[in-house]
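>>> When you get a sec, could you give me coordinates for this:
(4 chains)
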2 protein chains.
Amino acid sequence: MEEKIEKIKQQLHSHNYKLTPQREATVRVLLENEQDHLSAEDVYLLVKEKSPEIGLATVYRTLELLSELKIIHKMNFGDGVARYDLRDDNSDRHHHHLVCMNCGTVDEIFENLLVGVEERVHNVYNFSILDHRLTFYGICHRCIDKVNIDDFK
Amino acid sequence: MEEKIEKIKQQLHSHNYKLTPQREATVRVLLENEQDHLSAEDVYLLVKEKSPEIGLATVYRTLELLSELKIIHKMNFGDGVARYDLRDDNSDRHHHHLVCMNCGTVDEIFENLLVGVEERVHNVYNFSILDHRLTFYGICHRCIDKVNIDDFK
DNA sequence: GTGCTTGCAAAGCATTTGCATCCTG
DNA sequence: CAGGATGCAAATGCTTTGCAAGCAC
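So this is what the prediction gives:
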């Protein structure tokens, strides 16, 4: 935890930004909720619990900044809000999402599912890949016995 | 073209909706721009050329309706606007996107890149897949010689 | 003090909704 | 003429921005 904060501090410093108390509080919330996919509002409410004086705009600016520095990932599952995820350098390229169309839960899976696929895209389409997103939409294991899957087709 | 319109008309009728002139104009724009990924605003402006009296709200309502009936695909590339695509039943599951981080162009590729992957996700995570999105972000063949790729990393 | 940060409020956009009107059957 | 469909304008919801004040080096 502390060493992760320290690392992010370095990353900010290397781009001439400071780890202000507000930014640190925001980063801590992200670290404490690494499995989740928090929206800016979610982060704001959690940060407010510890630091009630923080403004929503500051949270947005911090998330935008961390996103630009590629410390976090900004993503979109089609529900109208941006969601944020800490980036773990190692698992990053092998990190995909399972979005449940019944309960809305977003699970993460860590598997190198695209072995060979990226190379193929590069060779066939002359497209230089820098990042990718792979998201599966369906019904999660918690809901599968409770719903009629045909209702979602 | 005409038979595609006719088919969509049937799909609407089967759900007790009509193919009104406004809806037809909207569908025609989508058919005429099948390669593109138009935003609602784009569609609105194109429809307006032929039918200047149409309202933006009607375009939104039509796109929403077509999306619910799964006649079109609503998607999101992270630029803050929803984009729409006609669904071709056959190529649908093998239809992916290449988003250029320099010029913003979205190219489509049609390849069954995920052979085996879906089965694996289903078996390992007990997740019943109904749809997926695979998007690659990078630099397209038109831009690769004009930019320094490290600037995007 | 100079420049980055912040909080607040106002503005910005994309999208949705209320409502009176208009068709269509 | 009854119900769906439309156009307009207003409202909404997420996000960004302007600006004056605060803070740090």
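
>>> Residue nearest the middle of chain A, spatially speaking?
Central residue of chain A (C-alpha atoms, centre = their mean): A:Asp85, 2.1 Å from the mean position.

>>> surely it meets A:Ile71?
No - using C-beta atoms under 8 Å, A:Asp85 is not in contact with A:Ile71; the gap is 10.4 Å. All C-beta atoms are positioned from the backbone trio N, CA, C, and that covers glycine.

>>> quick one on the thing from earlier: what score does the residue nearest to the centre of chain A have for pLDDT?
The model reports A:Asp85 with a pLDDT of 89.

>>> Check the secondary structure at it for me.
The three-state assignment at A:Asp85 reads strand, by DSSP: H, G, I helix; E, B strand; the rest coil.

>>> looking at the sheet around it, what are its partners?
With DSSP bridges as the criterion, A:Asp85 is bridged to A:His73.

>>> Got the domain ranges for chain A?
For chain A, automatic domain parsing gives the domain ranges A:1-87, A:90-153.

>>> what about A:Cys140, neighbour count?
Neighbours of A:Cys140 under the rule other C-beta atoms under 10 Å in any protein chain shown: 20.

>>> ditto for A:Phe127
Using other C-beta under 10 Å: A:Phe127 sits among 23 other residues.

>>> Quick check: it touching A:Val121?
Yes - at 5.7 Å, A:Phe127 and A:Val121 qualify as touching, with contact defined as C-beta under 8 Å.

>>> which residues do these two both contact?
Common contact partners of A:Phe127 and A:Val121 (C-beta atoms under 8 Å, 6 or more residues apart in numbering or on different chains): B:98, B:136.

>>> which stretches of chain A have low pLDDT?
A:89-93 (pLDDT under 70).

>>> 90 - rerun?
Residue ranges of chain A with pLDDT under 90: A:1-3, A:34-36, A:78-80, A:85-95, A:101-105, A:110-118, A:131, A:149-153.

>>> That one against DNA strand D: which residues are in contact?
Proximity of chain A to DNA strand D (C-beta under 7 Å from any atom of the strand) is limited to residues A:18, A:39-41, A:56-57, A:60-61, A:64, A:80-82.

>>> For those, which two are the farthest from each other?
Farthest-apart pair in these is A:Lys18 and A:Gly80; separation 32.1 Å (C-beta to C-beta).

>>> before we move on, back to that, which of the residues of chain A next to DNA strand D fall in helices?
Members of those lying in helices (criterion: DSSP state H): A:40-41, A:56-57, A:60-61, A:64.

>>> re earlier: and of the residues of chain A next to DNA strand D, the nearest to B:Gly116?
Distance to B:Gly116, by C-beta to C-beta, is smallest for A:Ala82 among the residues of chain A next to DNA strand D, at 31.6 Å.

>>> all helices of chain A, in order?
Using DSSP H, the helices of chain A run over A:2-14, A:21-32, A:40-50, A:56-68, A:117-125.

>>> need the ones you listed in JSON lines with mean neighbour count and distance to DNA strand C, can you?
Listed next are the helices of chain A as JSON lines, based on neighbours: other C-beta atoms under 10 Å in any protein chain shown; distance: least, C-beta to the nearest atom of the strand, whole Å:
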{"stretch": "helix A:2-14", "mean neighbour count": "13", "distance to DNA strand C": "7"}
{"stretch": "helix A:21-32", "mean neighbour count": "19", "distance to DNA strand C": "4"}
{"stretch": "helix A:40-50", "mean neighbour count": "17", "distance to DNA strand C": "9"}
{"stretch": "helix A:56-68", "mean neighbour count": "17", "distance to DNA strand C": "3"}
{"stretch": "helix A:117-125", "mean neighbour count": "15", "distance to DNA strand C": "27"}
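
>>> Export those helices as a markdown table, with columns for distance to A:His96.
Listed next are the helices of chain A as a markdown table, based on distance: least, C-beta to C-beta, whole Å:
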| stretch | distance to A:His96 |
| --- | --- |
| helix A:2-14 | 23 |
| helix A:21-32 | 19 |
| helix A:40-50 | 21 |
| helix A:56-68 | 19 |
| helix A:117-125 | 12 |
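
>>> Out of these, flag the one nearest A:Cys100.
Comparing the helices of chain A by C-beta to C-beta, helix A:40-50 comes nearest, at 17.8 Å.

>>> quick one, the closest one and helix A:56-68 angle?
Calculated by axes from the mean of the first three to the mean of the last three C-alpha atoms, to 10 degrees, helix A:40-50 forms an angle of 120 degrees with helix A:56-68.

>>> Good, we can wrap up now.
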